[in-house]
Every structure is written in structure tokens, then in C-alpha cells.
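*Asks:* Whatever this is, show me its structure:
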Amino acid sequence: MNTQFALDFEHVGCDPLYVVTFAGPFAFIKPWTAVRDAKTYSQAFLTPSIVEGIRQRLGVSQILRHRLAYAGIELQLERTQTAGWEQVKGTLKRSLSILERGVLIHPTLHLAFASLEDAESAASEAICLCRNEDLLLPVGTQEMSAEEFDTLDGFELIFGNGPGSFLVGYNRFEQAAPMYGSLVIVRGSEQ
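*Replies:* Okay, here's the model as predicted:
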């Protein structure tokens with residue numbers, strides 16, 4: 001696995017972290033499996049290639065940490081075209097189908113940066129999670145310690161292949177190299 005996608009443990013404990021929070025009414029994170037299934041649910045975590053895409057979109061040097069939380073998953077119907085073509089009366093056409101897509105409701109994404117410059121740059125941009133219409137807008141920036149970041153609610157995939165890790169997809173930035181990670185889930189006691 002390319003080291004640019006592995007968490008840089010040298011910086012994980014760096015204090016302070018500069019954290020930008022993004023939020024929106026809904027978002028879809030494309031799962032790495034079964035894109036044309038009849039039921040497709042959002043992933044609850046960000047893969048290394050999604051974080052890299054966000055980093056490129058924001059134009060920052062590095063995203064140290066991320067934490068994604070949401071209120072629920074809503075099923076929505078989406079009309080799609082099948083992958084294959086069929087010949088009907090001498091004409092080629094693609095059939096239409098309907099799939100159910102699970103969309104994250106009220107997602108909140110916290111991104112941690114090592115520098116205030118990267119955080120300020122990120123806070124001036126909007127991001128999307130895998131579909132252009134699913135915009136998350138910056139809602140705040142704060143300084144916090146790594147220990148405070150660890151208490152934020154949500155899901156975070158710790159990138160790398162080690163004990164407790166699992167295959168999370170194939171990296172489109174690295175010629176479809178396998179991506180691995182370990183999932184951290186934090187849920188506050190008030191919920």
C-alpha cells in the first residue's frame with residue numbers, strides 16, 4: 001500500500017490539531033462493492049482513496065485524521081441504466097432500472113490538519129462525498145488536541161494492513177491496489 005495513504009503516525013499526536021467541520025443535509029459515499037445491486041447503502045467510513053480525493057479537492061498538503069458521523073440512512077429510489085445493451089427492432093438501447101440507494105442523513109465530517117494554513121484553506125471550500133450534488137459545507141474551525149479529537153462521535157478508518165484490518169476497496173489513484181484499514185467507532189454517552 002502506498003505510504004501517502006497510510007496514517008502518518010509521526011503527526012497523529014501533534015498538538016494542536018486544526019480541525020475543520022463540514023456538514024450538509026445528505027450525502028452518499030459509494031461503496032466499493034456491488035454498485036449495481038438493487039439495494040446500495042452508503043459506507044459509514046471514508047476509504048484512503050476518498051480521503052485522497054478530498055485532499056486534492058481542498059488543495060491541502062495532508063489530512064491527518066477524519067471522523068464521519070450521521071443521523072441515519074434514508075432509502076431513496078434512483079433510476080439507472082443497465083451496463084449492457086439490447087437490440088430492439090434493429091436499434092441498440094439500454095434498459096432502465098430502479099435501485100434503492102441508502103443516503104446518509106445530516107452527515108458531519110471532521111478533518112484534522114497539522115497546519116493552520118491547511119485548515120484555513122480547507123475552510124474556504126465545499127466538498128462532496130462521491131456525488132457532485134452531495135455537498136458538505138464548512139461550518140467551523142477549531143484547534144484541539146489529539147485526545148479531544150479521539151472523543152468526537154463517528155467513524156474513522158485507520159489506514160493500513162495490520163491486526164484487525166480488513167479490505168475496504170481498491171485504490172483508483174494507485175492502479176487498483178487493495179486498500180486496508182481498521183475501523184474506529186466512537187459514540188457519545190448522551191446518545
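*Asks:* So in the chain, which helix runs the longest?
*Replies:* helix 48-58 (DSSP state H).
*Asks:* I'd like to know the average pLDDT value across that helix.
*Replies:* Mean pLDDT, helix 48-58: 93.
*Asks:* tell me what the next helix or strand after it is packed against?
*Replies:* Next helix or strand after helix 48-58 toward the C-terminus (DSSP states H and E): strand 65-69. Helices and strands touching strand 65-69, by 3 or more Cβ pairs under 8 Å, 6 or more residues apart in numbering; DSSP states H and E, are strand 108-113, helix 146-150, strand 154-159. Glycine gets a C-beta too; all of them are placed from N, C-alpha and C.
*Asks:* next one: strand 65-69 to chain centre, how far?
*Replies:* Computed by Cα atoms, centre = their mean, to the nearest Å, the chain-centroid distance of strand 65-69 equals 8 Å.
*Asks:* ok, and what's touching it?
*Replies:* 7, 12, 17, 44-46, 51, 107-112, 146, 149, 152-156, 186 (Cβ atoms under 8 Å, 6 or more residues apart in numbering).
*Asks:* could you give the angle of that strand to strand 154-159?
*Replies:* Orientation check (axes from the mean of the first three to the mean of the last three Cα atoms, to 10 degrees): strand 65-69 against strand 154-159 gives 140 degrees.
*Asks:* thinking again about what came up before, pull out the buried residues from the longest helix of the chain.
*Replies:* Neighbour counts over helix 48-58 (16 or more other Cβ atoms under 10 Å) mark Pro48, Ser49, Ile50, Val51, Glu52, Gly53, Ile54, Arg55, Leu58 as buried.
*Asks:* The second one and Ala177 touch, don't they?
*Replies:* No: with contacts counted by Cβ atoms under 8 Å, Ser49 stays clear of Ala177, the gap being 9.5 Å.
*Asks:* got the end-to-end distance for stretch 148-159?
*Replies:* With Cα to Cα, to the nearest Å as the measure, stretch 148-159 spans 20 Å from end to end.
*Asks:* meant to ask about stretch 85-94, not that
*Replies:* Stretch 85-94 has an end-to-end distance of 5 Å (Cα to Cα).
*Asks:* same thing with stretch 136-153?
*Replies:* Using Cα to Cα, first and last residues of stretch 136-153 are 17 Å apart.
*Asks:* contacting residues for the residue nearest the centre of the chain?
*Replies:* In the chain, the C-alpha nearest the mean C-alpha coordinate belongs to Leu46, at 3.2 Å (Cα atoms, centre = their mean). For Leu46, the contact set (Cβ under 8 Å, 6+ apart) comprises Ile29, Ile54, His66, Leu68, Leu109, Leu129, Leu157.
*Asks:* isn't the second one right up against Ala126?
*Replies:* In other words, Ile54. No: using Cβ under 8 Å, Ile54 makes no contact with Ala126, being 11.0 Å away.
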